[in-house]
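Chemist: No sequence on hand, only this structure:
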């Protein structure tokens, strides 16, 4: 069986190589990847260009539907509120994330998935298999960023 | 002075005329509208195509920047979590909404704007001036939808 989190990590590595915060996502339907994307906020100069939003956008276009009922999204990092909201709005049935967001103490992502305002509640799974690799990828990225900035 | 909520309502009316849930938004910088949009989820068959996201997307492209620090967004209805997250990610300084979301009892929008996960916290203002007009626009839309469906 394909390790879809590994595929999301491949996307995150593409982000790193493009000097973007390394986060990647893939959308899977019926055991197949229907879209994949990595964070491109800096390149696109667009606040919406997170991995999950780009992957959902591609998936909607591919299926010709705003409803991705049958889809699972694999994302390397716990989604931000925008992406958690986008996942819910697209009726994605399950979110699998590979690393917890360290700065979030308020369980906001979970609150969005469970909100009574939204009439859809995706399943929400933390797959720890590649947690260490994803954490290192993020930490290394920010360490190098700090080093570059301190040399300026 | 331009009544920017009235401009957002003009967008919401365009949505209604296109048989979309009537929600509109305008992004304002230095007293001028830099982008405007209405909900187009059904036409675009895209879960991301809410008024706020479309308006932010246009504003980022227009300014060539993911940072809309100097912007205020006027939106007819209290934003959903996706749009509240998008507004925060874009560093928009103020959100003015014209009608409360009746189905939300958990103040999720406010929690997103105040979250410790996000390092930006937009000001959040309820302008009640056109509340009645916006409420009627929404209620009328859903009433007509129900009537059409009951005739099927």
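Modeler: Okay, I see it. Remember, predicted model here, so these are calculated numbers, not experimental data.
Chemist: low-confidence ranges in chain A?
Modeler: Judged against pLDDT under 70, the low-scoring parts of chain A cover residues A:103-105.
Chemist: Okay, helices next: where are they in it?
Modeler: Per DSSP state H, chain A carries helices over the ranges A:4-17, A:41-44, A:51-63, A:81-89, A:108-114, A:131-151.
Chemist: Residue B:8: which of these is closest?
Modeler: Taking Cβ to Cβ as the criterion, residue B:8 comes closest to helix A:81-89 out of these, the separation being 19.9 Å. C-beta here means a position set from N, CA and C on the backbone, and glycine is covered the same way.
Chemist: tell me, what residue is most central in chain A?
Modeler: Centre of chain A computed as the mean C-alpha position; nearest residue by Cα atoms, centre = their mean is residue A:75, 3.5 Å away.
Chemist: Quick check: beta-bridge partners of the residue nearest to that residue when sequence neighbours are not counted?
Modeler: Ranked by Cβ to Cβ, 6 or more residues apart in numbering or on different chains and with sequence neighbours excluded, the top spatial neighbour of residue A:75 is residue A:25, at 4.2 Å. The residues listed as beta-bridge partners of residue A:25 by DSSP bridges are residue A:37, residue A:75.
Chemist: Would you confirm that residue A:25 contacts residue A:73?
Modeler: Yes. Counting by Cβ atoms under 8 Å, residue A:73 is a contact partner of residue A:25 at 5.9 Å.
Chemist: Find the residues that touch each one of these two.
Modeler: A:52, A:55 (Cβ atoms under 8 Å, 6 or more residues apart in numbering or on different chains).
Chemist: residues in contact with residue A:96?
Modeler: Taking Cβ under 8 Å, 6+ apart as the test, what residue A:96 contacts is A:4-5, A:72-75, A:125-127.
Chemist: Also residue A:36?
Modeler: Applying Cβ under 8 Å, 6+ apart, we find residue A:36 in contact with A:7-8, A:11, A:24-27, A:55, A:58.
Chemist: Reformat those residues into JSON lines and put neighbour count next to each item.
Modeler: As requested, the contacts of residue A:36 are arranged in JSON lines below (neighbours: other Cβ atoms under 10 Å in any protein chain shown):
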{"residue": "A:7", "neighbour count": "16"}
{"residue": "A:8", "neighbour count": "33"}
{"residue": "A:11", "neighbour count": "23"}
{"residue": "A:24", "neighbour count": "29"}
{"residue": "A:25", "neighbour count": "31"}
{"residue": "A:26", "neighbour count": "27"}
{"residue": "A:27", "neighbour count": "29"}
{"residue": "A:55", "neighbour count": "29"}
{"residue": "A:58", "neighbour count": "15"}
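Chemist: okay if I get these as TSV plus distance to residue A:102?
Modeler: Below are the contacts of residue A:36 laid out as TSV (distance: Cβ to Cβ, whole Å):
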residue	distance to residue A:102
A:7	24
A:8	18
A:11	21
A:24	18
A:25	19
A:26	23
A:27	25
A:55	23
A:58	28
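Chemist: Among those, find me the one that's closest to residue A:80.
Modeler: Within the set of the contacts of residue A:36, residue A:25 lies nearest residue A:80; the separation is 11.9 Å, counting by Cβ to Cβ.
Chemist: how far away is that closest one from residue A:18?
Modeler: With distances taken as Cβ to Cβ, to the nearest Å, residue A:25 is found 15 Å from residue A:18.
Chemist: try residue A:116
Modeler: Spatial separation of residue A:116 from residue A:18 under the definition Cβ to Cβ is 39 Å.
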